[in-house]
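A.B. asks: Compute the structure for the input listed below.
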Amino acid sequence: MTASQSTLQFRFGVSGGRASRQEWLDLARRADDLGYSTLLLPDHFGQQLAPLPALLAAAAATPRLRVGTIVLDNDFRHPALLAKEAATIDLLTDGRFELGIGAGWMEADYRRSGLPFDPPGVRVARFAEAVQILEACFVGDGPVTFHGRFYRIDGLEPQPRRRPRLLIAGMRSRMLQLAARHADIVGLEDHQFAERSTGSVSPTIANCAEQVAIVRQAAGARLDEIELNVFAARTEVTDSRAAAVDRLANQLRLTPSQIDASPSFLLGSVDAVVDQLQERRQRLGISYMMIFDRVMDAFAPVVARLSGR
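C.D. replies: Sure, this is the predicted structure:
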C-alpha cells in the first residue's frame, strides 16, 4: 500500500438501530461523545428504521457525527431517486453523509417484499449501471441521459448537485474493481458472516491481502484518494484473547490462524487491538473500522487512542 494510505488517520464507525425516536437520538449522541466518526444503518426489510430519514434525524441531533448507510440495496430504489435523496441529505448535513450502496444479497428481503431476486451477475451488472447514474447526477454539469441494459434516463436535471462520499464494499474481484474505480471508501468485505446468516455451512473466507491487491491494481492513479474500510463483525475487548479466539474458532468452525489473519475480527485487550489496527494500517492501508453498537462502549478506549479526537 502507498505511504499516504498507511498513514491515513484512523476513523471508526458504529452500526446499530433503536426502536424509538429518543433511543435512536441517544445512540447518536453517545456515539458522538465517544469519538466515533460515523453512525451507520443497514438496509433490510423488517423491524428496523428506514435508514435515510433516520440518519438525517441523527445528524441533526449531533454537531460532528457523520452518518452513513452500510449498505443500501440498489434494487430497493431507482438510482435517479436515490441520487436526489442522497444529495439532499448531504446538503442538509453540511457534507456529513456517506452513501454506502451495494448490489443486494439477502434473498429473504426480496422474497418477503415480492421483489425478484436475480442471479448475482445480473444484480452486479445492474448495480454498475446505477453507480454510473449516481455519479452523473452528483457531479455532472447538465441534464443526465443514460441508456443501459437496466435503466433508461432522458434529460434528467437533478437537484441539488451534491456528491456525498461513496462507499462500495466487495469480496470478489468484480465488485472490488468497481469500487476501486468509483468509490471514495472501499469496503473489504468478508462475506462469511452474511453467508452464515443465510444458513451456509461452508462460508467463503476472504483473503484481505488479495483484496487489497485487487483494489490497488484497479484504482490506478486514484489509489491515494481511497479510504480502505473493514466492518469488524466480531469484536471483543478482553484480556483473555486466546480464550476468545478458541471460542469463536469452535463456534464458527474456523482455525485460530484464520481468525488471526482476518481484519473482520478484533479480539484482545485495548493495547492488543491498538497494535493490530496499527499493523493492518501499515501493511494493508486499512484506516476506517466499523463495529456494532453492542461493543461501542467497551471499544471506546481504542477509539480514544487512535482517532485523534
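A.B. asks: Flag the shaky bits of the chain, pLDDT-wise.
C.D. replies: 1-6, 191-204, 308-309 (pLDDT under 70).
A.B. asks: Contacts only, for the residue nearest in space to the middle of it.
C.D. replies: Nearest residue to the geometric centre of the chain (Cα atoms, centre = their mean): residue 70, 4.3 Å. The contact partners of residue 70, by Cβ atoms under 8 Å, 6 or more residues apart in numbering, come to 13, 15, 40-42, 100, 167, 231, 290. No exception for glycine: its C-beta is placed from N, CA and C like everyone else's.
A.B. asks: could you redo the last one with a cut-off of 6 Å?
C.D. replies: By Cβ atoms under 6 Å, 6 or more residues apart in numbering, residue 70 lies in contact with 15, 40, 42, 100.
A.B. asks: For the protein, which segments are assigned as strands?
C.D. replies: Under the criterion DSSP state E, the chain carries strands at the ranges 11-15, 38-41, 66-69, 72-73, 97-102, 144-147, 152-156, 165-170, 185-188, 227-231, 234-237, 265-268, 286-292.
A.B. asks: Columns mean neighbour count and distance to residue 125 on top of the ones you listed, output as CSV?
C.D. replies: Output for these, formatted as CSV (neighbours: other Cβ atoms under 10 Å; distance: least, Cβ to Cβ, whole Å):
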stretch, mean neighbour count, distance to residue 125
strand 11-15, 24, 28
strand 38-41, 26, 26
strand 66-69, 25, 21
strand 72-73, 23, 15
strand 97-102, 26, 13
strand 144-147, 15, 14
strand 152-156, 12, 15
strand 165-170, 23, 14
strand 185-188, 27, 19
strand 227-231, 24, 24
strand 234-237, 20, 32
strand 265-268, 22, 32
strand 286-292, 23, 27
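A.B. asks: Adding distance to residue 89, write those strands out as CSV.
C.D. replies: Shown next, in CSV, are the strands of the chain (distance: least, Cβ to Cβ, whole Å):
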stretch, distance to residue 89
strand 11-15, 16
strand 38-41, 12
strand 66-69, 8
strand 72-73, 12
strand 97-102, 5
strand 144-147, 19
strand 152-156, 19
strand 165-170, 12
strand 185-188, 16
strand 227-231, 20
strand 234-237, 28
strand 265-268, 29
strand 286-292, 19
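A.B. asks: and of those, who's closest to residue 248?
C.D. replies: strand 234-237 (6.1 Å; Cβ to Cβ).
A.B. asks: Starting from the closest one, tell me which strands it pairs with and how they run.
C.D. replies: Strand 234-237 pairs in its sheet with strand 265-268 (parallel), by DSSP bridges.
A.B. asks: Now find how far off-centre the strand it pairs with is within its chain.
C.D. replies: 19 Å (Cα atoms, centre = their mean, to the nearest Å).
A.B. asks: contacts for it?
C.D. replies: Counting by Cβ under 6 Å, 6+ apart, 232, 234-236, 241, 244-245, 259, 273 sit against strand 265-268.
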